[in-house]
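Visitor: pasting the sequence and the predicted coordinates here, then a few questions.
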2 protein chains.
Amino acid sequence: MTKDGRAVTAQSEDFSAWYNEVITRAELADRGPVRGTMVIRPYGYRIWELLQEELDRRIKATGHQNAYFPLLVPASYLDREAEHVEGFAPELAVVTHAGGKELEESVVVRPTSETIIGEMMSRWISSHRDLPMLLNQWANVVRWELRPRTFLRTTEFLWQEGHTAHADAEDAMRETMLALRIYTEVARDVAAMPVVPGEKTPGERFAGAARTFTIESMMRDGKALQAGTSHYMGTNFARAFGIRYAAEDGRLETCHTTSWGMTTRMIGAVIMTHGDDRGLVLPPRLAPYQVVVVPIGRGEEIAAAAARVAERLAAAGVRVHVDDRPQHSPGYKYNEWELRGVPLRLELGPRDLAAASAVLAWRIGGEKENVALADLEEIVPRALDEFQDLLLRRAADFRAAATSAVDDWAGFRAAAADGWAAAFHCGEAACEQQIKAETAATARCVPNDAPEAEGTCVRCGRPSAYGKRVLFGRAY
Amino acid sequence: MTKDGRAVTAQSEDFSAWYNEVITRAELADRGPVRGTMVIRPYGYRIWELLQEELDRRIKATGHQNAYFPLLVPASYLDREAEHVEGFAPELAVVTHAGGKELEESVVVRPTSETIIGEMMSRWISSHRDLPMLLNQWANVVRWELRPRTFLRTTEFLWQEGHTAHADAEDAMRETMLALRIYTEVARDVAAMPVVPGEKTPGERFAGAARTFTIESMMRDGKALQAGTSHYMGTNFARAFGIRYAAEDGRLETCHTTSWGMTTRMIGAVIMTHGDDRGLVLPPRLAPYQVVVVPIGRGEEIAAAAARVAERLAAAGVRVHVDDRPQHSPGYKYNEWELRGVPLRLELGPRDLAAASAVLAWRIGGEKENVALADLEEIVPRALDEFQDLLLRRAADFRAAATSAVDDWAGFRAAAADGWAAAFHCGEAACEQQIKAETAATARCVPNDAPEAEGTCVRCGRPSAYGKRVLFGRAY
Ligand SMILES: [Zn+2]
Ligand SMILES: [Zn+2]
């Protein structure tokens, strides 16, 4: 509770404080004892599980297989030049002792499984018949984080990492775009996030990738959050790890590879896309509880009726929770479940029961209404669908209102101060750097579906590259 | 292929070689580059996923919630006395460098999450209203392994770890037995393993536990494998981590806790419970492919018919795979899928198609038979159920035949040489040690459902403890 009695700090007052308070008060996560680590509490982890289910189903349906590769990777895989642990990239956590003694060769905790999967692919792939090889892994990875932020930048995070090998560029590019499409759909249809799929500029590309694609989403403070990436690696990675195959004509060819990932940062994105000054707002498809039933009064009859309602809704496929804690008042419970973002609330008191009805309250966007108990199996799932649509529409409207097509530098500065600027750009890395230095805004992506257009660079006036406007914004 | 052309070494010839060959040839797993680590390949990982689904559903249905705790734990959590990394338990992997420099306090890669979960529980629990706290985690853990064996003893393995806190001993013991019952059911009904649930003797108890329960399963070499454990920790663990609650009367009480886990070693158990000299045999409920369809001949008509059959079976909820690789003969495919343990095979050739039938072959226990294509949705699921039952019965028969109730030392030695001995024991740790030194057999458990009986210790002749016979055997 803030000093003046509100549940959380207002977004407009201090967005960052609001974010941290929501995470703590909604019991999504706690800080872990080791720098930058987090404990994902049951309520937060259930959101991740629901996202996982949706993503995993789509990954499997498109022919990918899950596998599991070791957490510990020989240091030599990551940097063949580093002879001392002091020489490792700062993001790496290095195991120097195990088995009760110092290791002859240090091993690192995977910052990604790219190298070990590359190594195994080089052993598993020999013929064109082994291609495409479509692998995915659900795992934890560790990247030492100096400025940690729960869900957004954590020393350890959870993710899925897709790694695939293909016979040629065309097939690998098809895969890269397939992964991007899966991410776009999951973000939109599950997380109610109207993300913008597009390509990164060369300056923002993933190290080693030939092309990097992203889904960019807008948070309610106008900043951008990269919610998933898909990389076409060309043959760069396969050459480094010797991933080769005998073609039909017997010649040895190098594979084209891709990699793509989505992480627990999506939970942070959901918080910042939908939340408001009363706390979290969850899209029904990711809500641990889609409906909370609050019995009013302590009669046995009420308790039994609430249990019956919950049973019926559960049978109808609704995730429902009865808050029957005797020590709290209904008002306290309403506030708490609003803070925790539950989409719908059913209030059930003696008068409701007598009228064979309940009061249905929406977390946002709806008036309280009396609904007939007999119709709950019809009303509640429909309301959940409407709630899901409402969040997507609301987020899309917000993004549209906070995105401006700008053609001059003053307009760019204004747009990028609290939203996104859609502007022409020359494509020069130095010019992008200049823009970043002056406004903190970076090129988020060249949107896949932006209309074709030409113009002059919003910063330097040279002719535009990319054949369309580029989205710029400050980013998480 | 072995030298004389068999797919794998015979079990009777070298069980250990057989095991390793099956894992490699069936593409279940590979060795990882860091000592004792494994790469779980898609076929092996799918078995784990299917087991996970079954276990997770039961864990959730009994009121537990999943959460996620950090991989990296402060060294001080594990051993407050160890001041140097050389002082750590040999099983620990220690991170000494991260962020590009040496850490002020070393952190360890979790060998279990017990300590960090204990620490968080002490923060989350304050009132009796917070109890019971029923948590579960799916995670990887690392225990440096000097004698690694794929799936059975690996430096990193995957598991679920349940950790729960309760107001009193009675509730915690109920939980301990609930977890044991879940494990027993999953082993029996999913993995077709007729495990023996029972209690560990004090000498075999988990360090710090007040009581340790186990499910013991018999491998086809007569050895025992501990396939899951459930511990009642009393208040030992809660005292160490300060897990306390205010009781209804306001007094501060110490919680009673439990912990329980099942790991990827279950995959090794499945291999060694059901496999035979032709390779792996998978229980249908854990088989990535329950049925493989092998088209005979290359006609388009056959290919289309095979695809149709697969589609119909998939719609009927069967996991089916069509092996349409043009470069391999049907015979080659039969051998390969037998080696990989697929329960049922459907052969579909031109003559079958003309007769609107297919040939159904069982991996074990059935004759080849002609089945009408029209009846597949009925025949295949039924055959899969029968196959599942058959494996359980076969394993139970094997275990019964290899278990002997013995009352003298000569009988004990003979029984423990290639199976289990059910014997009276005095309950003295020194006597157990003596038995182990002489026969390599250890007390596996005091079976929960063994009949009450008294006798004299099979080794030393003193009066029996436990009120029933104890199972002894050599163990993995
Ligand atoms: Zn420019
Ligand atoms: Zn004795």
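Guide: Received the coordinates, thanks. Numbers count the residues shown, from 1 in each chain, chains lettered A, B, ... in the order given. Ligands and ions are numbered 1, 2, ... in the order given.

Visitor: how's chain A carved up into domains?
Guide: Using automatic domain parsing, the domains assigned to chain A come out as A:39-274, A:284-387, A:403-473.

Visitor: name the SS class of A:Thr229, please.
Guide: The three-state label given to A:Thr229 by DSSP: H, G, I helix; E, B strand; the rest coil is strand.

Visitor: how many residues are close by it?
Guide: By other Cβ atoms under 10 Å in any protein chain shown, 21 other residues sit near A:Thr229. For the C-beta atoms, the positions are set from N, CA and C on the backbone; glycine is no exception.

Visitor: any buried residues in the helix or strand harbouring A:Pro381, and which?
Guide: A:Pro381 is part of helix A:376-401, with elements assigned from DSSP states H and E. In terms of neighbour count (16 or more other Cβ atoms under 10 Å in any protein chain shown), helix A:376-401 has its buried residues at A:376, A:379-381, A:383-384, A:387-388, A:390-392, A:394-395, A:398-399.

Visitor: and for stretch A:402-413?
Guide: For stretch A:402-413, by 16+ other Cβ under 10 Å, it's A:402-404, A:406, A:409, A:412-413.

Visitor: what of stretch A:285-305?
Guide: For stretch A:285-305, by 16+ other Cβ under 10 Å, it's A:285-296, A:302, A:305.

Visitor: show me where the stretch 251-400 of chain A has helices.
Guide: Remark: helices assigned in the stretch 251-400 of chain A by DSSP state H, counting those that start in this stretch are A:265-274, A:300-315, A:330-339, A:350-354, A:376-401.

Visitor: which residue sits farthest out from the middle of chain A?
Guide: A:Ala354 (44.9 Å; Cα atoms, centre = their mean).

Visitor: what about it, distance to ligand 1?
Guide: 71 Å (Cβ to the ion, to the nearest Å).

Visitor: in JSON lines: the buried residues of stretch A:402-413, plus pLDDT.
Guide: Output for these, formatted as JSON lines (pLDDT from 0 to 100):
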{"residue": "A:Ala402", "pLDDT": "98"}
{"residue": "A:Thr403", "pLDDT": "98"}
{"residue": "A:Ser404", "pLDDT": "98"}
{"residue": "A:Val406", "pLDDT": "98"}
{"residue": "A:Trp409", "pLDDT": "98"}
{"residue": "A:Phe412", "pLDDT": "98"}
{"residue": "A:Arg413", "pLDDT": "98"}
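
Visitor: most widely separated two among the residues you listed?
Guide: Farthest-apart pair in these is A:Ala402 and A:Trp409; separation 19.1 Å (Cβ to Cβ).

Visitor: pLDDT below threshold where in the stretch 301-450 of chain A?
Guide: For the stretch 301-450 of chain A, no stretch has pLDDT under 70.

Visitor: and it, which of its residues are near ligand 1?
Guide: Within the stretch 301-450 of chain A, the positions lying close to ligand 1 (Cβ under 5 Å from the ion) are A:426, A:431.

Visitor: could the buried residues of stretch A:402-413 go into a markdown table alongside secondary structure?
Guide: Formatted as a markdown table, the buried residues of stretch A:402-413 follow (three-state DSSP):
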| residue | secondary structure |
| --- | --- |
| A:Ala402 | coil |
| A:Thr403 | strand |
| A:Ser404 | strand |
| A:Val406 | coil |
| A:Trp409 | helix |
| A:Phe412 | helix |
| A:Arg413 | helix |
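
Visitor: which of the residues you listed sits closest to A:Ala247?
Guide: Using Cβ to Cβ, A:Thr403 comes nearest to A:Ala247 of the buried residues of stretch A:402-413, at 46.4 Å.

Visitor: any idea how far the closest one is from A:Ala61?
Guide: Going from A:Thr403 to A:Ala61 by Cβ to Cβ, to the nearest Å gives 33 Å.

Visitor: circling back to that earlier point, of the buried residues of stretch A:402-413, which is the nearest to ligand 2?
Guide: Nearest to ligand 2 among those: A:Ala402, at 78.3 Å, using Cβ to the ion.

Visitor: hmm, stretch A:274-293 touching chain B?
Guide: No: Stretch A:274-293 stays clear of chain B (Cβ under 8 Å from any Cβ of the partner chain), getting no nearer than 9.0 Å.

Visitor: how long is that stretch from one end to the other?
Guide: End-to-end distance of stretch A:274-293: 22 Å, with Cα to Cα, to the nearest Å as the criterion.

Visitor: about what we covered before: of the helices of the stretch 251-400 of chain A, which is nearest ligand 2?
Guide: For the helices of the stretch 251-400 of chain A, proximity to ligand 2 was assessed by Cβ to the ion; helix A:300-315 is nearest, at 53.7 Å.

Visitor: quick check: which helices or strands does that closest one pack against?
Guide: strand A:291-295, strand A:320-322, strand A:344-348, helix A:350-354, helix A:376-401 (3 or more Cβ pairs under 8 Å, 6 or more residues apart in numbering or on different chains; DSSP states H and E).

Visitor: how about the shortest one, does it reach chain B?
Guide: Okay, so that is strand A:320-322. No: counting by Cβ under 8 Å from any Cβ, no contacts exist between strand A:320-322 and chain B, the nearest distance being 11.8 Å.

Visitor: partner strands of that strand and their direction?
Guide: Applying DSSP bridges, strand A:320-322 is found paired with strand A:291-295 (parallel).

Visitor: can you list the buried residues of stretch A:285-305 in a markdown table and add distance to B:Ala475?
Guide: Converted to a markdown table, those look like this (distance: Cβ to Cβ, whole Å):
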| residue | distance to B:Ala475 |
| --- | --- |
| A:Arg285 | 46 |
| A:Leu286 | 44 |
| A:Ala287 | 46 |
| A:Pro288 | 41 |
| A:Tyr289 | 44 |
| A:Gln290 | 47 |
| A:Val291 | 49 |
| A:Val292 | 49 |
| A:Val293 | 50 |
| A:Val294 | 53 |
| A:Pro295 | 52 |
| A:Ile296 | 58 |
| A:Ile302 | 55 |
| A:Ala305 | 54 |
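
Visitor: now, which of the residues you listed sits nearest A:Gln52?
Guide: A:Leu286 (10.5 Å).

Visitor: sec struct for A:Met121, please.
Guide: helix.

Visitor: what separates it from ligand 1, distance-wise?
Guide: 39 Å.

Visitor: OK, contacts around that residue?
Guide: Counting by Cβ atoms under 8 Å, 6 or more residues apart in numbering or on different chains, A:Met121 touches A:133, A:135, A:163, A:165, A:241, A:243, A:255, A:257.

Visitor: which ones among those residues map onto helices?
Guide: Members of those lying in helices (criterion: DSSP state H): A:Phe241.

Visitor: got the contacts of A:Met121 as TSV, with pLDDT, distance to A:Leu92 and neighbour count columns?
Guide: Rendered in TSV, the data for the contacts of A:Met121 read as follows (pLDDT from 0 to 100; distance: Cβ to Cβ, whole Å; neighbours: other Cβ atoms under 10 Å in any protein chain shown):
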residue	pLDDT	distance to A:Leu92	neighbour count
A:Met133	98	27	21
A:Leu135	98	23	24
A:His163	98	20	27
A:Ala165	98	25	31
A:Phe241	93	19	21
A:Ile243	97	23	25
A:Cys255	98	26	30
A:Thr257	98	22	31
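
Visitor: near chain B, from the contacts of A:Met121?
Guide: A:Leu135.

Visitor: which one of the contacts of A:Met121 sits closest to B:Glu185?
Guide: Relative to B:Glu185, and with distances defined as Cβ to Cβ, the nearest of these is A:Leu135, at 32.3 Å.

Visitor: surely the closest one touches A:Ile116?
Guide: No: taking contacts as Cβ atoms under 8 Å, A:Leu135 lies outside contact range of A:Ile116: 11.4 Å.

Visitor: could you count how many residues lie near the one residue in the stretch 301-450 of chain A that gets nearest to chain B?
Guide: In the stretch 301-450 of chain A, the residue that lies nearest chain B is A:Gln327 (6.8 Å; Cβ to the nearest Cβ). Per other Cβ under 10 Å, the neighbour tally for A:Gln327 reads 7.

Visitor: ramachandran angles for it?
Guide: Main-chain torsions, A:Gln327, degrees, to the nearest 10: phi -80, psi -10.

Visitor: cool, A:Leu131 as well?
Guide: phi -110, psi 150.
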